[in-house]
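Engineer: no sequence for this one, just the structure:
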């Protein structure tokens, strides 16, 4: 085999894998923008989410409010059971049962597995309620119609019995989103640091000094969050997007995050900052937090507001999560800047190149 052919084909293979990673990054960032909250398993809440929410397991909210900022997806999607929620956006998808009181104030279609509690859909001519199984509780579709596929032993106004199916699996959507974000987090964790921070006293100053993506690494999360009570970001030389990879030296410990973002940067830089908690098992947010959080392995408790999207394993929410869609530059991250192993080993690429060359050579012989 001529060396030039090997180089050409291996370069083509690398470009293909790079484009695949770029597509994954773009999909991941789109998820973080479409949703303000993504939880793989269960969530309990007594607070609000500004944007759409996707929960793979059960959601119990004593006072849970959803305000969707985009109609690309439904306001609330729950794979398991939904105990209580107030939805001020459009649309609802629940794979399990509505077991508590659910109020939809923004209209749209409601798809649920069954209803043993109360579903109030104020559709106002802009939607209907669809129950796949039984209604043993109450369904009121104001300005719309109710369809159910099981038995009706409760109450449902203006109802029709017919076969009902959901447009997609809510649990499947959550699992797919979690897989995409987990893959994206793996790519991010492989990026080498190109920016630095320093700690003076109890204040950490992050100097973002590149024109593209500024990458920081906190190598000992326990020590960092235990010693830092203030944080500040300096953006120079056109710096815009900030990635902070956080490595937890003791994943079984609890990360208590209570630092103060100086100069109101929690709010003003929320769209610019992405935190990637690589191996955290438990996170407690005790002060207003700036930026989106990738914490797919962690059980997260929020005692103060988050200015950005949260991806977690389980959630106990006691403060608001505000919509701060990430800057578009994060969608351009590829594994070409990564040392995470996202790109196959050279030996694999050699085999791929050999196969490509063989196919090319065979096509030449048959022309």
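Structural biologist: Received the coordinates, thanks. The structure displayed is predicted, hence computed values, not measured ones. Numbers count the residues shown, from 1 in each chain.
Engineer: Strand partners (parallel or antiparallel) of the strand ranked longest in the chain?
Structural biologist: Taking DSSP state E as the assignment, the strand of the chain that covers the most residues is strand 292-302. According to DSSP bridges, strand 292-302 has the following sheet partners: strand 273-277 (parallel), strand 282-285 (parallel), strand 310-317 (parallel).
Engineer: of all these, which gets the most neighbours per residue?
Structural biologist: Mean neighbour count (mean count of other C-beta atoms under 10 Å) peaks for strand 273-277 among the strands paired with strand 292-302, with a mean of 26. No exception for glycine: its C-beta is placed from N, CA and C like everyone else's.
Engineer: Tell me which of the strands paired with strand 292-302 approaches residue 199 most closely.
Structural biologist: With C-beta to C-beta as the measure, strand 273-277 is the member of the strands paired with strand 292-302 nearest residue 199 (17.2 Å).
Engineer: Name the nearest residue to residue 267, sequence neighbours excluded.
Structural biologist: Nearest residue to residue 267, sequence neighbours excluded (C-beta to C-beta, 6 or more residues apart in numbering): residue 307, at 5.4 Å.
Engineer: Check the burial of residue 150 by counting its neighbours.
Structural biologist: 16 (other C-beta atoms under 10 Å).
Engineer: State the distance from it to residue 131.
Structural biologist: In this structure, residue 150 and residue 131 are 7 Å apart, going by C-beta to C-beta, to the nearest Å.
Engineer: what sits in contact with each of these two?
Structural biologist: Counting by C-beta atoms under 8 Å, 6 or more residues apart in numbering, the contacts common to residue 150 and residue 131 are residue 114.
Engineer: if we can go back for a sec, got the strands paired with strand 292-302 as TSV, with distance to residue 79 columns?
Structural biologist: Output for the strands paired with strand 292-302, formatted as TSV (distance: least, C-beta to C-beta, whole Å):
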stretch	distance to residue 79
strand 273-277	23
strand 282-285	22
strand 310-317	13
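Engineer: Dump those strands into JSON lines; add mean pLDDT as well.
Structural biologist: Supplementary listing: those in JSON lines, determined by pLDDT from 0 to 100:
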{"stretch": "strand 273-277", "mean pLDDT": "97"}
{"stretch": "strand 282-285", "mean pLDDT": "98"}
{"stretch": "strand 310-317", "mean pLDDT": "98"}
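Engineer: Residue 119 is nearest to which of those strands?
Structural biologist: strand 310-317 (22.0 Å).
Engineer: Touching that closest one from outside, list them.
Structural biologist: 32, 36-47, 49, 57, 64, 178, 181, 283, 292-302, 321.
Engineer: I'd like the next helix or strand past it.
Structural biologist: strand 321-322 (DSSP states H and E).
Engineer: from the chain's centre, how far out does that next one sit?
Structural biologist: Relative to the chain's own centre, strand 321-322 is displaced by 13 Å; criterion: C-alpha atoms, centre = their mean, to the nearest Å.
Engineer: What of stretch 207-222?
Structural biologist: 21 Å.
Engineer: average pLDDT across it?
Structural biologist: Averaging pLDDT along stretch 207-222 yields 90.
Engineer: Can you say which helix or strand has residue 168 in it?
Structural biologist: Going by DSSP H and E, residue 168 is not in any helix or strand.
Engineer: which ones are touching it?
Structural biologist: With the criterion set at C-beta under 8 Å, 6+ apart, residue 168 makes contact with residue 93.
Engineer: Next one: it from residue 31, what distance?
Structural biologist: Relative to residue 31, and taking C-beta to C-beta, residue 168 is found at 15 Å.
Engineer: burial of residue 198, as a residue count?
Structural biologist: When neighbours are counted by other C-beta under 10 Å, residue 198 comes out with 9.
Engineer: Mind checking what secondary structure the closest residue to it other than its chain neighbours has?
Structural biologist: Excluding the flanking residues, the one nearest residue 198 by C-beta to C-beta, 6+ apart is residue 205, at 5.7 Å. Under DSSP: H, G, I helix; E, B strand; the rest coil, residue 205 falls in the strand class.
Engineer: Look up which residues are beta-bridged to residue 205.
Structural biologist: residue 198, residue 232.
Engineer: coming back round to it: average model confidence for the longest strand of the chain?
Structural biologist: Computed over strand 292-302, the average pLDDT equals 97.
Engineer: Check stretch 73-86 too.
Structural biologist: So the average pLDDT for stretch 73-86 ends up being 95.
Engineer: who touches residue 151 in this structure?
Structural biologist: 134, 135.
Engineer: Quickly note the distance from it to residue 113.
Structural biologist: Taking C-beta to C-beta, one finds residue 151 at 14 Å from residue 113.
Engineer: next one: residue 45
Structural biologist: From residue 45 over to residue 113 (counting by C-beta to C-beta), the distance is 20 Å.
Engineer: Comparing the two, which residue is more hemmed in?
Structural biologist: Taking other C-beta under 10 Å, residue 45 and residue 113 do not tie; residue 45 has more neighbours (28 against 23).
Engineer: Assess the claim that that one and residue 55 are in contact.
Structural biologist: No: using C-beta atoms under 8 Å as the test, residue 45 is too far from residue 55 to be in contact (9.6 Å).
Engineer: How is this protein divided into domains?
Structural biologist: The chain is divided into the following domains under automatic domain parsing: 1-62+173-367, 80-168.
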